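Engineer: Provided below for reference: sequence and predicted model.
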Amino acid sequence: QMEVQRWGLSKRAKNEIKISVPESIASSLSVSVTDLAIGGDSSSTITSHLLLSSELKGDIYKPAYYFSDNTNTVDQHLDLVMLTHGWRRFKWDEVLKGKSPRFLYAKDTAYMSLSGTITGIAATQIGNDASIVLMVKQKDKEGQVLLAKVLPNGTFNDPATILFDTAQVYYQFQKKELRDATAQFMTDRLAMFPIKGISNGIGFWSDTTGNYRQYLFADAANIFAGKQKVQLLENVIIKSKGKSPIKLLDEKYSSGLFSGGDSYQFDLINDPIASAAIDVFSYLQGKVAGLQINTNSNPPSLQWRGGAPQLYLDETPVDASFITGINVSNIAYIKVFRPPFFGGGGSAANGGIAIYSRRGGDTKPEPGKGLSSNKVYGYTPIRQFYSPNYASFNAKNEEQDIRTTLYWNPDVNTTPQQSQVVLSFYNNDVTKAFKVVIEGMTKDGRLAHVEQVME
């Protein structure tokens, strides 16, 4: 039952409605207040959908009509709908015998908690004493370290950990037999998108008058947003191009006349094939035009424009035999200078090759090294529907208010101790009448649908 406590049909006036649930029954309700001129589809309600539309094949024309009253005429029409749509929900012979149907799925009494399944290994390798260490990092929360038992079928679950938004979960198995296994999280969660070919059975009928009024409201809102966007153009954003990894390496390692210059540059930290080379000379073969490298001699010989280029290790002149003994995995950066090069000591009329050994922090992480991790998606945080408060000053309230939905609350609850709830909302700048729709369900399974007009 709904009662208007305070009327406010003028511009930005305050309204109050009181919702009462009889017999002190606990209930969960949703309440919407919209511009009456916008209209809405009243041909389907929560009652007609749960008790009729979802039970029959095909579309039902205005299903709410069949629950409008209990007269014989409406009952007869309902019987015809049930016959023409082939209702076969129950076997009547079993119903008459008092035989209850067998439920395929048990009632869900649990929340969506941190769970998963182990894949990539045989079930016989899991055993009865397996466990998984979970390190969970959620947004705006401190990290947690959890230990969950792995069942012989490969599943695990920590019912005490409820996830919201997105969590980064790192994991590690305690048994060495499971080191090649992979954990997949939330495998029993429902699909995020509807399955193709399955319809929810709800039809919508067009309201041309209401749609036109909503179009006018939306058009006015877009014009206002465009004006605001023009004002925001006063802010100036300056963007600069970031430095490439090879440029950062050159600034970090080279100095003096070795920095910059006309040269070939090689980043061995991020080169995936660098570790496969036997030595520096094998790595450079074929990479520099005009540079000839003979790796069959000992030490390898180099020729460039009629002479041998000078070799440098960390900008200090060295010979080829010294470079041969350096492991390629210890080299970060190589610069090959075209002839002539006079940046360092020694004879470099035929160019120079500067080799730089790795420093701390220049080790590229190996794939698979460390703990495995995965992003796990939990409950979506509740977002409150915008409803302005004109009782106090707010700069945002000075903008034009042309909302078509004045109030929306999907979580209005009553209890036996508090069977009445008072809700308040403010009108916009143009609406002269409201349509209030209340729908929900009581704890004992009774459905509620109330529509009322405030004008």
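Structural biologist: Received the coordinates, thanks.

Engineer: strands along the stretch 151-300 of the chain, start to end?
Structural biologist: For the stretch 151-300 of the chain, strands defined by DSSP state E, counting those that start in this stretch occupy the ranges 155-162, 166-173, 182-185, 263-267, 292-294.

Engineer: I'd like these as a markdown table, with distance to residue 318, mean neighbour count and mean pLDDT appended.
Structural biologist: All C-beta spots, glycine's among them, are computed from the backbone N, C-alpha and C. Listed next are the strands of the stretch 151-300 of the chain as a markdown table, based on distance: least, C-beta to C-beta, whole Å; neighbours: other C-beta atoms under 10 Å; pLDDT from 0 to 100:
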| stretch | distance to residue 318 | mean neighbour count | mean pLDDT |
| --- | --- | --- | --- |
| strand 155-162 | 56 | 16 | 88 |
| strand 166-173 | 44 | 18 | 85 |
| strand 182-185 | 47 | 18 | 86 |
| strand 263-267 | 18 | 18 | 91 |
| strand 292-294 | 16 | 15 | 89 |
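
Engineer: let's have these in a markdown table, adding distance to residue 285.
Structural biologist: As requested, the strands of the stretch 151-300 of the chain are arranged in a markdown table below (distance: least, C-beta to C-beta, whole Å):
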| stretch | distance to residue 285 |
| --- | --- |
| strand 155-162 | 51 |
| strand 166-173 | 42 |
| strand 182-185 | 39 |
| strand 263-267 | 12 |
| strand 292-294 | 5 |
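
Engineer: identify the residue nearest residue 326 in space, chain neighbours excluded?
Structural biologist: Of all residues not flanking residue 326 in the chain, residue 280 sits nearest, at 6.7 Å (C-beta to C-beta, 6 or more residues apart in numbering).

Engineer: average pLDDT across stretch 103-120?
Structural biologist: The pLDDT scores in stretch 103-120 average 80.

Engineer: just stretch 5-15 next, same as before
Structural biologist: For stretch 5-15, the mean pLDDT works out to 91.

Engineer: centre of the chain versus it, how much separation?
Structural biologist: Using C-alpha atoms, centre = their mean, to the nearest Å, the distance from the centre of stretch 5-15 to the centre of the chain it belongs to is 39 Å.

Engineer: any buried residues in that stretch, and which?
Structural biologist: Of all the residues in stretch 5-15, those buried under the rule 16 or more other C-beta atoms under 10 Å are 8, 15.

Engineer: alpha carbons only: can I get it in CSV?
Structural biologist: Extracted in CSV, the C-alpha atoms of stretch 5-15 (Å, rounded to 0.1, in the frame of the first residue of the first chain):
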residue,chain,number,x,y,z
GLN,A,5,2.8,12.0,2.8
ARG,A,6,4.0,15.2,1.1
TRP,A,7,3.0,16.6,-2.3
GLY,A,8,5.5,18.6,-4.4
LEU,A,9,4.4,18.9,-8.0
SER,A,10,5.9,22.3,-8.5
LYS,A,11,9.4,22.9,-9.8
ARG,A,12,12.1,21.1,-7.7
ALA,A,13,9.6,20.6,-4.8
LYS,A,14,10.1,17.8,-2.3
ASN,A,15,7.8,14.7,-2.3
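
Engineer: contacts for that stretch, please.
Structural biologist: Applying C-beta atoms under 8 Å, 6 or more residues apart in numbering, the contact partners of stretch 5-15 are 4, 16-18, 33, 390-391, 401, 422, 424-434, 454-455.

Engineer: which of these are buried?
Structural biologist: Of those, these count as buried by 16+ other C-beta under 10 Å: 17, 33, 401, 425-428, 430-431, 434, 454.

Engineer: out of those, who's nearest residue 27?
Structural biologist: residue 17 (15.8 Å; C-beta to C-beta).

Engineer: quick one: list the elements packing against the helix or strand where residue 115 lies.
Structural biologist: Using DSSP states H and E, the element containing residue 115 is strand 113-119. Contacts of strand 113-119 with other secondary structure elements, assessed using 3 or more C-beta pairs under 8 Å, 6 or more residues apart in numbering; DSSP states H and E, are made with strand 131-138, strand 155-162, strand 182-185.

Engineer: now it, how far from the centre of its chain.
Structural biologist: Centroid separation for strand 113-119 versus its chain: 19 Å, with C-alpha atoms, centre = their mean.

Engineer: now the angle between strand 131-138 and it, please.
Structural biologist: 130 degrees (axes from the mean of the first three to the mean of the last three C-alpha atoms, to 10 degrees).

Engineer: quick one: contacts of strand 113-119?
Structural biologist: Outside strand 113-119, the residues touching it (C-beta under 8 Å, 6+ apart) are 126, 132, 134, 136, 146, 148, 150, 154-163, 169, 173, 178, 181-188, 376.
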